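**Q** Would you be able to build a 3D model of this:
(chains A and B)
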There are 2 protein chains.
Amino acid sequence: MKRRQSVASAAKPAVRRNAASPARAEKLSLGQLDHHLGYFLRRLQIRVFQDFIQTLGPMNVRPAQYSVLLIIAANPGRSQAAVGQTLSIERARLARMLHELERRKWVARRANGSDARSHSLHLTADGEKALVKIKNLAEEHEARLTSHIGSKRRAQLMDMLREFG
Amino acid sequence: MKRRQSVASAAKPAVRRNAASPARAEKLSLGQLDHHLGYFLRRLQIRVFQDFIQTLGPMNVRPAQYSVLLIIAANPGRSQAAVGQTLSIERARLARMLHELERRKWVARRANGSDARSHSLHLTADGEKALVKIKNLAEEHEARLTSHIGSKRRAQLMDMLREFG
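**A** Numbering: from 1, shown residues only, chains lettered A, B, ... in the order given. Next comes the predicted model:
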């Protein structure tokens, strides 16, 4: 399984680890970067994803895999194309991800009678069991995030991102 | 130069393109994903980066390269380690990026007299000229973002992200 070195080697969840990082001491001026929304978006996104990947470590699930599992769970029987469009995942990348999820026996692709080229996606019984565990870990991650940033501010940020995204 | 297919093939800036995307028609229920901050953070971050990459296309500069150029410009003569720590870029990845920026003759590494292993980073005259053009394009990107989300809400989002990040 691919996993970034920086995450795999971290001893504690990323949200807390970064807050107390000794690297802080060597921070330089951000210059013009201090005025770019993209920089701050990316910085927080990386920290949130690092914490997610680490918390989900016991199940070895990446954020993109998790999102695919949730979309299939919420929309059983829909096509690969519809899942890809919902999540804006490129066709080839989604195909690789689904191949991996089939290999783990969490997802099954069933051919549609009416169109031999179209497949509908379902979670297997194993996939459903795994998703229960995965969701519990994802809840831990979300709870840590909330305790870090505060539930009111988390809700405000969520509202803004929903609106823009 | 590496560039994602989805960005390279896009006809219009990503922020506008996505807003009018025909893919919208096939969106499925997000299920539990609708409650994850990380999902919405990542979604907006990708759209903002797509627009940045496309707007900066004439200079062929990626967001991470841009951030390194700005940090060197704002802190001339500082070490690779300090730049990496400020931006949380892994040592090996930053080394590859600096190698590329040296190849383009935008950045120069000078050995420090006191420590043969330590190098200080500077923009070259070519690098400074390039950065003027790059900053102008980055301003275009930022202005489009602001017109898309509104300057007041952009400022609110920026404040929240700064605080959390």
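**Q** List the residue ranges of chain A that fall below the pLDDT cut-off.
**A** Scanning chain A for pLDDT under 70 picks out the ranges A:1-25, A:113-117, A:165.
**Q** So for it, the centremost residue is which one?
**A** Taking Cα atoms, centre = their mean, the centroid of chain A lies closest to A:P63, which sits 2.0 Å from it.
**Q** contacting residues around that one?
**A** Contact partners of A:P63, counting by Cβ atoms under 8 Å, 6 or more residues apart in numbering or on different chains, are A:F49, A:F52, A:I53, B:G38, B:Y39, B:R42. (Each C-beta comes from the backbone N, C-alpha and C, glycine too.)
**Q** Kindly report the same for A:M160.
**A** By Cβ under 8 Å, 6+ apart, the residues touching A:M160 are B:R153, B:Q156, B:L157, B:M160.
**Q** Also A:A108?
**A** A:A108 makes contact with A:E102, A:L121, A:H122, A:L123, A:T124, A:G127 under the criterion Cβ under 8 Å, 6+ apart.
**Q** how does it look with 7 Å?
**A** Applying Cβ atoms under 7 Å, 6 or more residues apart in numbering or on different chains to A:A108 gives the contacts A:E102, A:H122, A:T124.
**Q** Bridged to it, which residues?
**A** For A:A108, the beta-bridge partners are A:H122 (DSSP bridges).
**Q** in the top helix by length along chain A, what counts as buried?
**A** The longest helix of chain A (DSSP state H) is helix A:125-149. Using 16 or more other Cβ atoms under 10 Å in any protein chain shown as the burial criterion, the residues of helix A:125-149 that qualify are A:127, A:130-131, A:134-135, A:137-138, A:141-142, A:144-145, A:148-149.
**Q** which other helices and strands contact that helix?
**A** Where contact means 3 or more Cβ pairs under 7 Å, 6 or more residues apart in numbering or on different chains; DSSP states H and E, helix A:125-149 is packed against helix A:14-19, helix A:37-55, helix A:63-74.
**Q** Next, the angle from the longest one to helix B:125-149.
**A** Spelled out, that is helix A:37-55. 80 degrees (axes from the mean of the first three to the mean of the last three Cα atoms, to 10 degrees).
**Q** how close does the closest residue in space to A:G77 that isn't next to it in sequence get to A:S88?
**A** Among residues not flanking A:G77 along the chain, A:S120 sits closest, at 4.5 Å (Cβ to Cβ, 6 or more residues apart in numbering or on different chains). As for A:S120, its distance to A:S88 is 20 Å (criterion: Cβ to Cβ, to the nearest Å).
**Q** Narrow the contacts of A:M160 to those in helices?
**A** Using DSSP H, B:R153, B:Q156, B:L157, B:M160 are the members of the contacts of A:M160 that sit in helices.
**Q** Separate out the buried members of the residues you listed.
**A** With neighbours counted using 16+ other Cβ under 10 Å, these contain these buried positions: B:L157, B:M160.
**Q** Output the ones in helices among the contacts of A:M160 as TSV; include the columns distance to B:V83.
**A** Formatted as TSV, the ones in helices among the contacts of A:M160 follow (distance: Cβ to Cβ, whole Å):
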residue	distance to B:V83
B:R153	32
B:Q156	30
B:L157	26
B:M160	26
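**Q** Does the residue nearest to A:G77 belong to a helix, a strand or coil?
**A** Secondary structure state of A:S120, per DSSP: H, G, I helix; E, B strand; the rest coil, is strand.
**Q** wouldn't A:V83 be in contact with A:L69 here?
**A** No: here A:V83 does not reach A:L69: they are 10.3 Å apart, not a contact under Cβ atoms under 7 Å.
**Q** out of the two, which sits in the busier spot?
**A** Ranked by neighbour count (other Cβ atoms under 10 Å in any protein chain shown), A:V83 and A:L69 place A:L69 first, with 25 against 21.
**Q** residues contacting the residue lying closest to that one once chain neighbours are set aside?
**A** For A:L69, ignoring the flanking residues on the chain, the nearest one in space by Cβ to Cβ, 6+ apart is A:L131 at 5.7 Å. If you count contacts by Cβ under 7 Å, 6+ apart, A:L131 has them with A:L69, A:A73, A:L123.
**Q** again, only using 8 Å
**A** Neighbours of A:L131 in contact, by Cβ under 8 Å, 6+ apart: A:L69, A:L70, A:A73, A:W106, A:L123.
**Q** Ok, A:A73 next?
**A** For A:A73, the contact set (Cβ under 8 Å, 6+ apart) comprises A:L123, A:E128, A:L131, B:G31, B:Q32.
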